[in-house]
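just need the structure, nothing else, for what follows:
(chains A and B)
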Amino acid sequence: MTRLAEYADARELTVNLTLRELRSRYKRSALGWTWSLLNPLSTVIVFSIVFAFFLKIKPPVGNPSGLHNFAMFLLCGLLPFNFLSNGMNASLDALLANSNLIRKVYFPREVLVVSTIASLLVTLLVELAVLCVLLMLLGNMVLPWIPVLLGIVAIQTVFVLGIGLMLSVLNVYFRDVKHFIGIALQALFYSAPIVYPLSFVEDAATRTSFPVLRVYTLNPLVRFVDAYRAVLYDLRFPALSDVLYISGWAVAMLALGLFVFHRLDRRLAEEV
Amino acid sequence: MTAVITVDDVSKQYRLYHERNQSLKAALMRRARVRYEEFWALRDVSFEVPEGATFALIGENGSGKSTLLKCMAHILRPEKGKIETRGKISALLELGAGFHPELTGRENIFLNGSILGLSKKQLTQRFDEIVDFAGLEHFIDTPVKNYSSGMYVRLGFSVAINVDPDILLIDEVLAVGDAEFQRKCMEKFDDFRESGKTVVIVSHALEGIRNLADTAAWLEHGIVRRIGVASDVIDEYLTDSHVDRAADGEHGTRWGSGEGRLEKVELLDVSEQQVKRVCTGDSVVLRYHYKADENIPKPVFGLAIYTLDGVRVTGPSTRDVGLVPDQIDAGAEGFVDLRIDRLLLLPGTYDISVSLHNNAGTHVWDMRHRVLRFDVEFGEPREEYGFTSLGGTWEGDLLDGAR
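Down below sits the predicted model:
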């Protein structure tokens, strides 16, 4: 009960730390918040040239939307991937970067991770809003689907938070977690249908007896990307199995994250 | 009276890593034998702090007082036992912890305030008071990285003291800012105590604590040595630490080639009795007992008086006044006195270091750092600020009428 009461007391602190993150992120840069949009934009340009133009990857046609556009196809997968990847990277430093606070002031330490993820969530929402505008300019009427979209964002936030809690505290005790994550994220990017359509994997699966597709779709990121794309690109409900699967992962990750965090945060003030 | 802090059989262990190698590989390889030494910073500590008390924790460096304070603030968690607290706690361990350098003073007040547990509404109400107290009206919209260190600390203190906690934990931070700011702090502090709030304070400024605290706990190597009425505990602590030091200077460091030695250093009063507590204005003698195994050419006797913070207050030597004998003959023994007719040190605790070195300052026969510790209490002249009086007299027609 005391823990819950503490969380309740820390709501305002969480908001303030989130604002601190957001305010200080682009302080003293001339373009400020524009950077958070330029970043995915530059990725889209590079990837469009390489994958759509050089490698001639054809995006699928949106069903039932009829949309056929590589940049939009890419962005629908890239934005959720960036949220996961930025969330993991930022969590690694969430505790270490605030070591002076942890050593000198008491407050529930989870707040530092929660506010880090919350600030990235704000970035994601801004990016998604811009994406929705672009989609509507291209004739995809996403407005009615926004509640569903927000539901998927909520599930992913829980998922990322769970991973973040775990990574933040592990990295305090074992500093090479950070380097490992750097490599893992690179692999993770290509492990999901972000730059290529899922049909490529389905084709490949027919050429071998190994259950490629089954293994491939175990990856929760594949299902997240699938769900985002269903709502934004195809304009339909995501598959129920996907929703259940990612919800299960999200809850499990949060439980695991909290468990690891509470196991290891006893000596945090001595180790950071 | 009811206890607001109950320390129940608390032990806190630190890990001293021999080879801090925070890598996964290292951890996996040494799964069975993790390479650290256990060090108990606190052992079986139990006591209660009653509501409204001003409670002092005293002891040598490394005795565990700050660790205990951090445990009370729940920053550290003890390995054994538990600490229960009732009411809102504010810990002044480091002022301005959590300030973000790029944010302005205003933004940082709200941020730091919420870290310390204030709501936005409370902060808005107290905002003017906080700014006013810190004296930073003109700089409140400047990023704090452009603040001077004094301004930074003042703002930190001002936010922390306005948290209005039930329990205030203080670790030697009251000595911040200039005299004017210190006066404001003391007033605020007095208000706080008068309104029946509880204060736990860790400090080396024993005379200051004697005036402030009603109860004190003396910690030694993580164990409570004594607990009771503040002035009694402080007296006993002082007596004990003096005996320790006067014995053979084991606590201080000593070096030098050793052909000539300073066997003993004594602080004597007018009747040639050893003292460890004197008053400002007293007449005292500092006596060096020397002994030479070989001829000691051109010996110089030097002195340094330090505050506990390590500030060198003064450092006279026999060379300063041109008294350099040709030599101390081999086998000679004797003493040299520094007679001080009027000791102008102001109240506080001071350490004496002594040395026997050559005239050029290139060779040290014996150097005994912090060999003797003594306390100065209020005397005549009675002054409040700094380490030393100038021994001056105020004059003027206006003042003559007030005499």
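
what number of residues lie near the nearest residue to residue B:329 once chain neighbours are set aside?
Nearest residue to residue B:329 in three dimensions, chain neighbours excluded: residue B:295, at 6.2 Å (CB to CB, 6 or more residues apart in numbering or on different chains). All C-beta atoms are positioned from the backbone trio N, CA, C, and that covers glycine. By the measure other CB atoms under 10 Å in any protein chain shown, the count of residues near residue B:295 is 15.

tell me the contacts of residue B:295?
In this structure, residue B:295 makes contact with B:327, B:328, B:329, B:330, judged by CB atoms under 8 Å, 6 or more residues apart in numbering or on different chains.

restricted to strands, list those.
B:327, B:328 (DSSP state E).

if I've got this straight, residue B:353 is in a strand?
Yes - assessed by DSSP: H, G, I helix; E, B strand; the rest coil, residue B:353 belongs to a strand.

quick check, it in contact with residue B:303.
Yes - the criterion here is CB atoms under 8 Å, and residue B:353 meets it with residue B:303 at 7.4 Å.

compare those two and say which one has the larger neighbour count.
For the pair residue B:353 and residue B:303, the greater number of neighbours falls to residue B:353 (22 against 17), based on other CB under 10 Å.

bridged to the more buried one, which residues?
residue B:304 (DSSP bridges).

against residue B:304, how distant is it?
As judged by CB to CB, to the nearest Å, residue B:353 and residue B:304 stand 4 Å apart.

in the stretch 251-400 of chain B, which residue sits nearest chain A?
Nearest to chain A in the stretch 251-400 of chain B, going by CB to the nearest CB, is residue B:309, at a distance of 20.5 Å.

run a quick neighbour tally on that residue.
10.

so what pLDDT did it get?
For residue B:309, the pLDDT comes out at 73.

cool, and the one 5 residues further on?
Per-residue confidence at residue B:314 stands at 90 (pLDDT).

quick revisit: of the contacts of residue B:295, select the buried ones using a ChimeraX command.
Buried members of the contacts of residue B:295, defined by 16 or more other CB atoms under 10 Å in any protein chain shown, are picked up in ChimeraX with:
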select /B:328
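
would you mind measuring from the closest residue to residue A:73 other than its chain neighbours to chain B?
In this structure, residue A:73 finds its nearest non-sequential neighbour in residue A:59, 3.8 Å apart by CB to CB, 6+ apart. Residue A:59 sits 40 Å away from chain B, going by CB to the nearest CB, to the nearest Å.

any idea how far chain A is from residue B:60?
21 Å.

give me phi/psi at that residue?
With angles defined as degrees, to the nearest 10, residue B:60 sits at phi -70, psi 170.

neighbours of it, how many?
Residues near residue B:60, counting by other CB under 10 Å, number 16.

do I have it right that it meets residue B:220?
Yes - taking CB under 8 Å as the definition, residue B:60 is a contact partner of residue B:220 at 7.1 Å.

thinking again about what came up before, phi, psi of the residue of the stretch 251-400 of chain B closest to chain A?
phi -80, psi 0.

now swap in the one 10 residues further on and tell me
The main-chain torsion angles of residue B:319 are listed as degrees, to the nearest 10 and equal phi -70, psi -30.

what sits against it?
By CB under 8 Å, 6+ apart, the contact set of residue B:319 is B:300, B:302, B:359.

tell me which of the residues you listed fall in helices.
Among these, no member falls in helices (DSSP state H).

separate out the buried members of those.
For those, a burial check counting by 16+ other CB under 10 Å picks out B:300, B:302.

quick check: residues of chain B near chain A?
Residues of chain B found near chain A (CB under 8 Å from any CB of the partner chain) are B:14-15, B:22-25, B:27, B:70, B:73-77, B:89, B:91, B:93-94, B:97-98, B:100, B:102-103, B:107, B:110-111, B:114-117, B:119-120.
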